[in-house]
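1. Mind looking at a prediction? Sequence and model below.
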Number of protein chains: 2
Amino acid sequence: MVAPVAAGCVIGVDVGGTKILAGLVDPGLGVLHRTQRPSHGLTRDELLARLAELVAEAAAAAPGPVLGVGFGVPGMIDRRRGVVAAAPHLPLDGVRFEALMAERTGLPVAVDNDGNCTMLAEWRHGAARGCRDAVTLTVGTGVGGGIVANGGLLRGSSGGGAEIGHMVIAFDGPPCQGECPGRGHFEWYASGNAIGRAGLELARDMPGSVLGRELAAGREITGALVTELAHDGDEHARAAIRLVGGRLGAGMVSLVNVFNPERIVVGGGAIAAGELLLGPAREEVARHAMPSLADGLEIVPAHFGAEAGMLGAATLAFEELAG
Amino acid sequence: MVAPVAAGCVIGVDVGGTKILAGLVDPGLGVLHRTQRPSHGLTRDELLARLAELVAEAAAAAPGPVLGVGFGVPGMIDRRRGVVAAAPHLPLDGVRFEALMAERTGLPVAVDNDGNCTMLAEWRHGAARGCRDAVTLTVGTGVGGGIVANGGLLRGSSGGGAEIGHMVIAFDGPPCQGECPGRGHFEWYASGNAIGRAGLELARDMPGSVLGRELAAGREITGALVTELAHDGDEHARAAIRLVGGRLGAGMVSLVNVFNPERIVVGGGAIAAGELLLGPAREEVARHAMPSLADGLEIVPAHFGAEAGMLGAATLAFEELAG
């Protein structure tokens, strides 16, 4: 930690499973410089070296002092010890990330879960601004989450909380993919992958449909493809998204009944489906959440897009390192 | 609100759906006087009058000044306005409870959800003492809950949050009973009623079993009866409790992954089943929660029994009315 400084920039780094996005960010959340590099296939040492390179590159572009670096990492962060407790898509398990990156960059470092970073960006500067109680869902490959409760970011006892994608919404459901030992989790049913999976099932069941013909032509039925076809008006693609939207809504019912938030902010790649996805989710909440808890609730698209994680990591750096 | 006072007693009132328990409580949480009266079948006015009578009776037993009265109400409390937003088992919907009871008792009044009161008692004086992040489950007719997150009681944006019993754990499950419009909720699968229901199913499937013979003899198969038979060693009754314990564990998996608590405290009538219920819940959590989030977690029985709500209401009064 350094003493509070009146002005200056920070560097925000979104350490994704496939790419790293680093930005030099000013106090108004303006991005003065940005770089992106792949992260997949790297060893631990290569990854840490690449992160240090990106930070050095961003720092070189700074017109004044750099106050610190914030990292958003997709995994569970033990913030008491500054350690990455578990990161399914990166070779960082057990790494003393905060200390190592401070050493390699020569700058003060803050690290948090990527979902928490996204929440921080939306809460301080975006769609959850001014909320005392809010939930952010990042619906992409999986479902990431961030929670503001009691006017503070909910991190749990070891800084690993708010794994909203791993709420149980079907206790006898299929096993999670990756390192989570659970089953029937929210992200299985309500992610971008779930849209692709629902589309694939329809494609197999109905070979004559547009989806069926795409499958026969050898195309991979992804969430993105299903969304594209749905926007073009294809009824089956729309049905696949509607199914997933309803299940997204089922998870939201839990969140409403437990957190009673003012706003649920939905971002991530799957939000490309827009109201085709959010409409059925809203309907499910209207029908099945406790009315007095859903009263006044808004379900809104995220303000920030693909840069939410990076901007949130920068916000983290401003809050934790710049006083 | 009154100015802080150094000593003196408060009155805690647990306004249950079938009975009211009022206690005169000293700062060390000693109960100097207690009264209990039925609450069912009363009109709104009769109920408010009875509450005022019980408070007057407790106040008359006080050796010194009474600082205020805390009420725990089973329902959703809009704490911004001091109003009971919804109370499925009592004629209090929409009642300006805080103002009305202050008028009728002549004392400062605080009101909260009964689950939050129980959490407060366990957090300040019981099994969740010293926790920054903890969850309390009251497993009785339904499943009540209380959450401490970020070192504060989680109440949600309108003071109605922490309805843990209404998390979705099976999105295509059966509808909730009472006024909740949802389906597949935690309390359907993991309450004392669920134990009775599981026992009834076994009794019907196996007429020759002890449970089957109890049913044939005209006895109602309740959670309490199943628990009694299980303690006597009956294998089918144990199987019913094991089934419910596993589902209690499935809900706990959600709570662990989202809140990353240090402790989950389980109370309520169903805890009479003890380890027969908690054992399978612990196993489910050990197998299916994210290991780094469950690391260090303790699942423990509540410290307070049937008086938890009343003592929590008293704690609320001390915290909110006595400075």
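-> In hand now; what should we look at?

2. Neighbours of residue A:208, how many?
-> 8 (other CB atoms under 10 Å in any protein chain shown). Any C-beta I mention is one placed from the backbone N, CA and C, and that applies to glycine too.

3. next one: residue A:259
-> 28.

4. Leaving aside the residues adjacent along the chain, what's closest to the residue in the stretch 201-323 of chain A positioned nearest to chain B?
-> Nearest to chain B, among the residues of the stretch 201-323 of chain A, is residue A:260, at 2.5 Å (CB to the nearest CB). Residue nearest to residue A:260 in three dimensions, not counting chain neighbours: residue B:156, with 2.5 Å by CB to CB, 6 or more residues apart in numbering or on different chains.

5. That neighbour reaches residue A:133, doesn't it?
-> Yes: here residue B:156 reaches residue A:133: they are 5.5 Å apart, a contact under CB atoms under 8 Å.

6. number of nearby residues for residue A:33?
-> 17.

7. Let me see the contact set for it.
-> Shown in contact with residue A:33 (CB atoms under 8 Å, 6 or more residues apart in numbering or on different chains): A:23, A:24, A:57, A:58, A:61, A:62.

8. Give me the subset of these that also touch chain B.
-> When CB under 8 Å from any CB of the partner chain is applied, no member of these is adjacent to chain B.

9. Narrow those to those that are buried.
-> A:23, A:24, A:58, A:62 (16 or more other CB atoms under 10 Å in any protein chain shown).

10. which ones among those residues are found in helices?
-> Applying DSSP state H to the buried ones among the contacts of residue A:33, the entries found in helices are residue A:58.

11. show me the contacts for the residue nearest to residue A:260.
-> By CB under 8 Å, 6+ apart, the residues touching residue B:156 are A:133, A:149, A:259, A:260, A:261, A:293, B:162.

12. ok, 6 Å please
-> A:133, A:259, A:260 (CB atoms under 6 Å, 6 or more residues apart in numbering or on different chains).

13. what about it, which SS state?
-> coil (DSSP: H, G, I helix; E, B strand; the rest coil).

14. Could you report the distance from it to residue B:163?
-> 9 Å (CB to CB, to the nearest Å).

15. Find residues that contact each of those two.
-> Joint contacts of residue B:156 and residue B:163 (CB under 6 Å, 6+ apart) do not exist.

16. what does the stretch 201-323 of chain A put close to chain B?
-> A:250, A:253, A:254, A:257, A:258, A:259, A:260, A:262, A:288, A:290, A:292, A:293 (CB under 6 Å from any CB of the partner chain).

17. hmm, 8 Å instead?
-> Of all the residues in the stretch 201-323 of chain A, those lying near chain B are A:247, A:250-251, A:253-254, A:257-262, A:287-293, A:295-296, going by CB under 8 Å from any CB.

18. residue ranges of the strands in chain A, please?
-> A:9-15, A:19-25, A:31-38, A:66-73, A:76-78, A:83-86, A:109-113, A:134-139, A:143-149, A:152-153, A:263-267, A:298-301 (DSSP state E).

19. Could you export those strands as JSON lines, including mean pLDDT?
-> As requested, the strands of chain A are exported to JSON lines (pLDDT from 0 to 100):
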{"stretch": "strand A:9-15", "mean pLDDT": "97"}
{"stretch": "strand A:19-25", "mean pLDDT": "96"}
{"stretch": "strand A:31-38", "mean pLDDT": "95"}
{"stretch": "strand A:66-73", "mean pLDDT": "96"}
{"stretch": "strand A:76-78", "mean pLDDT": "85"}
{"stretch": "strand A:83-86", "mean pLDDT": "88"}
{"stretch": "strand A:109-113", "mean pLDDT": "94"}
{"stretch": "strand A:134-139", "mean pLDDT": "95"}
{"stretch": "strand A:143-149", "mean pLDDT": "93"}
{"stretch": "strand A:152-153", "mean pLDDT": "92"}
{"stretch": "strand A:263-267", "mean pLDDT": "96"}
{"stretch": "strand A:298-301", "mean pLDDT": "96"}
